[in-house]
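# below is the sequence, then the predicted model.
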Amino acid sequence: MHDKRKVKSGFIWSALDSLGTQAIALTTSLILANILGPAVFGLIAMLTIFIALANVFINSGFTAALIRKVDRNESDFATTFYFSLGVSIGCYLLLFFCAPYIAQFYQEPELIQLTRVIALIIIINTFSAIPIVKLSVNLNFKTQAKCNFVGLICSGILALILAYLDYGVWTLVAQQVALAVINALMLNLLAPWWPKQKFSKKSFKKLFKFGSKLLLSGLLDTIYNNIYSLIIGKQFTAIQLGLFNQANRLSSLPATTLTGVIQKVTYPMLSAMQHDTKKLDASYLLTLQFAAVVIFPTMFGLCIIAEPLINILLGQEWQGSAELVSIITMALVLYPIHAINLNMLQVKGRSDLFLKLEIIKKITITLILIITVPMGIKAMCIGMVVSSYLALFINTYYTGKLSSLTAYNQFVTLLPIALITAFSALLGYTIGIGGSSNVIQIVTMLSVALGSYIAMMLLMQRPLLITLKYTLKP
């Protein structure tokens, strides 16, 4: 069982890791976006789905299975490593020989060499997997933070140099490969690990029994997380894909980062509570509330300042992504609620339900895409919002089957926070939209919205804030 002090320390370092690394990555990306333009980012976005799918195959749900497994041993770690390494080599060879077909699909000949080089990341990441798992199990996010910081800073400097030397799209390729190499080296220097046992069929069967369901759901999730880029890359231009990809990146950054921090720390902790149903349910409900208190205002804030923010950060060339940011944030505001509900299924060991849920949701997304693709990119983004709210009902329904956290309980608990956030954002936008400059608009909108949010939360949700404050105390 993880003690409270260790959980808090893990949370702080996980937050520093996620927020710090994302801040560095975002800053570097924004500078590169101004230098390279949307078309270059669009080319790399075309390959994202293939690399992401390969990474799912390599992981195969084994890392989640290792973290959840209470009696994990060296044989489990070695088996996972050998399996991942073999699959990674197979995936790389497949992408290497399929590169001409990928280029033909998008009608972009340059993708042949780009695919063959950037796919090296797949093999390199295998050497980072086990050190990350071992550090995560021990809630040692401080070491992970150090590795990520060094990797991002070094690869970012390399990318900026190559961008100014006019290397174009190869700048982004070199950045990603360098990041993977440096991160793997740092992890193995600060948390050295090498397999000491042979591949074990017994370990493989145990891990695969749980991981296989996560593999299938992970494949579905990855395909549909990237299907918008796949369709836009095929149906529209690289520039339009670059605009969408930047909008999606900016929108998802706060939601996925903050949710990742919460999940990273709570999954090992809650896994240890899996047999204490009452305590587990109470902890999950508090986790949902904490996520909502932090992430709801963050996403609504980004929504209202999207246009002036894009003008300042990226300039007129990227202005087409501003409206998309405002729409996508309204889909991703629910991201933490989805993620935490799905986390419950993993903690309970119900990876079969996890897969079933993914299939149902993906059928829904497919139907929405069939309707929205002919209408254009904006309509596709609105479809993302619709599918997100439909998925919320599906996720919470199944969580309610396994715990006391029914859809109704979650709705009643989170609705006051959502209403306070929405009202504050609307008030901030209404007062700030008339500002004489982009900076004045952003400052006014956020100041009014944040001030209103804090005041209303203190007035209407004081017991929750006191509970959260007590929980986060050492």
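Done, it's in.

# which helices and strands does the host helix or strand of L214 pack with?
Here L214, judged by DSSP states H and E, is contained in helix 201-235. If contacts are counted by 3 or more Cβ pairs under 8 Å, 6 or more residues apart in numbering; DSSP states H and E, helix 201-235 sits against helix 38-59, helix 62-68, helix 74-106, helix 238-271, helix 351-372, helix 377-402. Yep, even glycine has a C-beta here, placed from its N, CA and C like the rest.

# in the last one, what's buried?
Same thing as helix 377-402. 377, 380-385, 387-388, 391-392, 394-396, 398-400, 402 (16 or more other Cβ atoms under 10 Å).

# of all the helices and strands packed on helix 201-235, which one is nearest T329?
Closest of those to T329 is helix 238-271, at 4.8 Å (criterion: Cβ to Cβ).

# what's the following helix or strand after the closest one?
Later in the chain than helix 238-271, the nearest helix or strand by DSSP H and E is helix 277-313.

# can you give me how far that following helix is from the chain middle?
Relative to the centre of its chain, helix 277-313 is centred 14 Å away, using Cα atoms, centre = their mean, to the nearest Å.

# buried set for that helix?
By 16+ other Cβ under 10 Å, the buried positions in helix 277-313 come out as 280-281, 283-311, 313.

# swap in stretch 452-467?
For stretch 452-467, burial by neighbour count (16+ other Cβ under 10 Å) applies to 452-453, 456-457, 461, 464.

# ok, so of those residues, who is nearest F41?
Nearest member of these to F41, counting by Cβ to Cβ, is Y453, at 33.1 Å.

# separation between that closest one and Y429?
Using Cβ to Cβ, to the nearest Å, we find Y453 at a distance of 13 Å from Y429.

# over to L215?
L215 sits 43 Å away from Y429 when distances are taken as Cβ to Cβ.

# also A163?
Distance, A163 to Y429, using Cβ to Cβ: 35 Å.

# who has more neighbours out of those two?
Of the pair A163 and Y429, A163 is the one with more neighbours under other Cβ atoms under 10 Å, namely 23 against 19.

# ok, now which ones touch that one?
Contacts of A163 were listed using Cβ atoms under 8 Å, 6 or more residues apart in numbering, and they are 31-32, 35-36, 171.

# and the pLDDT for it?
What the model reports for A163 is a pLDDT of 94.

# the helix or strand where it lies to helix 238-271, inter-axis angle?
For A163, the host element (DSSP H and E) is helix 141-164. If you take axes from the mean of the first three to the mean of the last three Cα atoms, to 10 degrees, helix 141-164 sits at 170 degrees to helix 238-271.

# now helix 141-164: buried residues?
For helix 141-164, a neighbour-count test (16+ other Cβ under 10 Å) marks 141-145, 147-149, 151-152, 154-156, 158-160, 162-163 as buried.

# again with stretch 220-237
Buried residues in stretch 220-237, counted by 16+ other Cβ under 10 Å: 220-224, 226-233.

# dump those residues into JSON lines; add pLDDT as well.
Output for these, formatted as JSON lines (pLDDT from 0 to 100):
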{"residue": "L220", "pLDDT": "76"}
{"residue": "D221", "pLDDT": "76"}
{"residue": "T222", "pLDDT": "82"}
{"residue": "I223", "pLDDT": "83"}
{"residue": "Y224", "pLDDT": "80"}
{"residue": "N226", "pLDDT": "86"}
{"residue": "I227", "pLDDT": "89"}
{"residue": "Y228", "pLDDT": "90"}
{"residue": "S229", "pLDDT": "89"}
{"residue": "L230", "pLDDT": "90"}
{"residue": "I231", "pLDDT": "92"}
{"residue": "I232", "pLDDT": "93"}
{"residue": "G233", "pLDDT": "91"}
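
# what would the residues you listed look like in JSON lines with distance to I49?
Putting those into JSON lines (distance: Cβ to Cβ, whole Å) gives the following:
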{"residue": "L220", "distance to I49": "13"}
{"residue": "D221", "distance to I49": "12"}
{"residue": "T222", "distance to I49": "7"}
{"residue": "I223", "distance to I49": "7"}
{"residue": "Y224", "distance to I49": "10"}
{"residue": "N226", "distance to I49": "4"}
{"residue": "I227", "distance to I49": "7"}
{"residue": "Y228", "distance to I49": "10"}
{"residue": "S229", "distance to I49": "6"}
{"residue": "L230", "distance to I49": "5"}
{"residue": "I231", "distance to I49": "10"}
{"residue": "I232", "distance to I49": "11"}
{"residue": "G233", "distance to I49": "9"}
